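>>> got a predicted structure plus its sequence, pasted below:
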Amino acid sequence: MKICVCDIGGTNFRMAVFENGSLYDVKKIKTPNFYLYNEKEIKRLIVDALISGFTEKKNIYTDMNRFSVCFPGPVTQEGEVLGSSVIFGTTLKERFFLKRELEERLPDVTVSVMNDLTAAAYRYMGNGNFCLITVSSGIGNKVCIDDRVIIDPEGRTGEIGHYSADGIELGIECTCGTGKDHVGMIASGRGVELIARRFGSEKETEAGKLFLKSALYVGCCGDSLQITAEMLARAADNGDVFSRYVIDFCTKPLASEICLLAIAMHIPKFIIIGGFALHCEYYMEALVRNIKEKGIYNFTDTEIEKMIVCGVRDDDHGLIGAGIAVAI
Ligand SMILES: [Zn+2]
C-alpha cells in the first residue's frame with residue numbers, strides 16, 4: 001500500500017511516497033513561515049502546497065489514496081494544529097483545522113495529521129516500551145507504552161523541555177514564556193551554545209579559566225559569543241576540557257528527567273534523536289554518566305547501562321513514522 005507522507009519543518013516540507021517501510025520520490029518544498037507571511041496566509045499556503053504536492057504524486061501513483069502529514073507543533077486527535085513556534089512564531093489567533101481542510105479538498109483520500117515527534121515514535125515501535133527524546137534546537141519527548149504513543153486528546157504531551165531545571169538558577173527566560181531555566185534552554189543544542197557563551201565570558205569562574213586554555217578560545221579570538229553548538233560538539237569530542245565541562249553541566253537536568261521518567265513509569269529504554277546529541281559523542285557519554293551517578297531505583301547498573309540508545313542518524317523520522325502510523 002502506497003502512502004503519500006509529508007514532514008513539515010520550520011524551513012522545508014519534505015514529501016515522499018512510503019511503501020513497505022521505504023521512502024521514494026522525496027521532494028523538498030520551502031515552508032511558508034512568519035518571517036514572510038501572516039497567520040492566515042501561512043495556513044492557506046501550507047494547505048495549497050500539500051494539495052499540489054499530493055496531486056502531483058497521485059498523478060503518477062494513481063492507486064494511492066492515503067495522505068499522512070506530520071507537523072512541528074501540538075496536534076489534537078481531530079488533526080487540528082494548535083501552533084508552532086517555528087512556523088507561526090507566536091500563539092495562533094485561531095486553530096488551524098489542517099486535517100479538515102485537506103479532507104474537504106481531497107474527498108476520496110484518507111488524511112491523517114499528527115505531531116512530528118509522535119510520528120517519529122512510530123518508527124521505533126515493536127521493541128517494547130520506550131521514551132523517544134529529541135535533542136536539537138529544543139528538547140521534546142514522547143512515551144510509547146504497549147505500542148501506543150501516549151498523547152492526550154489535545155496533543156499536549158511530550159514537553160519535558162519546558163520543565164524548570166532543578167538546582168539551576170541562571171535566570172534564562174524560556175521562549176515558551178512560562179518560566180526560566182527550562183531544560184530545553186540548557187540541555188539542547190541551542191542551550192549548550194548559550195551556556196558556553198555565558199560561562200566563557202565569566203573570567204573569574206572555574207569555567208571561565210578553562211575557556212582561556214581552550215582550543216575554542218583561539219578559534220573565537222577570545223570572544224565566547226562566537227562559540228557555536230557545532231564548534232562545541234567538535235571540541236568536546238576532541239577532548240577539550242572547557243567544552244566537556246559545559247556539556248557535563250548541561251546534560252545534568254536531562255539526566256534527572258530521564259531518571260524520574262524511568263522510575264515513574266518503569267521505562268527501560270530512552271531513544272535519543274536530534275542533530276546535536278547524535279553529532280556529539282561526548283554529549284551521549286556525559287548524559288549516561290550523569291544518569292549513572294544519580295542512580296535509578298528498581299534498575300540495576302546493567303539495565304541503566306543499556307537504557308540510553310541512539311536513534312537512526314538520518315532526517316527521515318517524520319516521513320517514515322507518518323507512513324508506519326497509518327499503515328498499521
Ligand atoms: Zn519553556
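Thanks, I have the structure now.

>>> against the ion, how distant is residue 155?
Separation of residue 155 from the ion (CB to the ion, to the nearest Å) stands at 17 Å. (C-beta placed from N, C-alpha, C; glycine too.)

>>> ok now do that residue, which residues does it touch?
Residue 155 makes contact with 74-77, 82, 115, 118, according to CB atoms under 8 Å, 6 or more residues apart in numbering.

>>> relative to the ion, which of those residues is nearest.
Of all the contacts of residue 155, residue 74 has the smallest distance to the ion: 13.6 Å, by CB to the ion.

>>> so residue 232 belongs to a helix, correct?
Yes: checked against DSSP: H, G, I helix; E, B strand; the rest coil, residue 232 lies within a helix.

>>> who in the chain is up against the ion?
Within the chain, the positions adjacent to the ion are 162, 174, 176, 182 by CB under 5 Å from the ion.

>>> can I get the contacts of residue 155 in JSON lines including neighbour count, secondary structure and pLDDT?
Output for those, formatted as JSON lines (neighbours: other CB atoms under 10 Å; DSSP: H, G, I helix; E, B strand; the rest coil; pLDDT from 0 to 100):
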{"residue": "74", "neighbour count": "20", "secondary structure": "coil", "pLDDT": "92"}
{"residue": "75", "neighbour count": "27", "secondary structure": "strand", "pLDDT": "95"}
{"residue": "76", "neighbour count": "20", "secondary structure": "coil", "pLDDT": "95"}
{"residue": "77", "neighbour count": "12", "secondary structure": "coil", "pLDDT": "93"}
{"residue": "82", "neighbour count": "17", "secondary structure": "coil", "pLDDT": "92"}
{"residue": "115", "neighbour count": "27", "secondary structure": "strand", "pLDDT": "95"}
{"residue": "118", "neighbour count": "25", "secondary structure": "helix", "pLDDT": "96"}
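
>>> got the confidence number for residue 90?
For residue 90, the pLDDT comes out at 78.

>>> what is the neighbour count of the closest residue to it other than its chain neighbours?
Using CB to CB, 6 or more residues apart in numbering and skipping the chain neighbours, the partner closest in space to residue 90 is residue 34 (7.5 Å). Residue 34 has 17 neighbouring residues, counting by other CB atoms under 10 Å.

>>> please, which helix or strand holds the spatially most central residue of the chain?
The centre of the chain sits closest to residue 134, judged by CA atoms, centre = their mean, with a distance of 3.8 Å. If you go by DSSP states H and E, residue 134 is part of strand 130-135.

>>> mind checking pLDDT for the most far-flung residue of the chain relative to its centre?
Most distant residue from the mean C-alpha position of the chain: residue 204, 35.1 Å away (CA atoms, centre = their mean). According to the predicted model, the pLDDT of residue 204 comes to 92.

>>> where does it fall, phi/psi-wise?
Phi and psi for residue 204, reported as degrees, to the nearest 10, are phi -90, psi -10.

>>> over to residue 28. Which of the three states is it?
strand.

>>> heading C-terminal from the lengthiest helix in the chain, find the next helix or strand.
Ranked by number of residues, the top helix in the chain under DSSP state H is helix 241-265. Next along the chain after helix 241-265, taking DSSP H and E as the criterion, comes strand 270-273.
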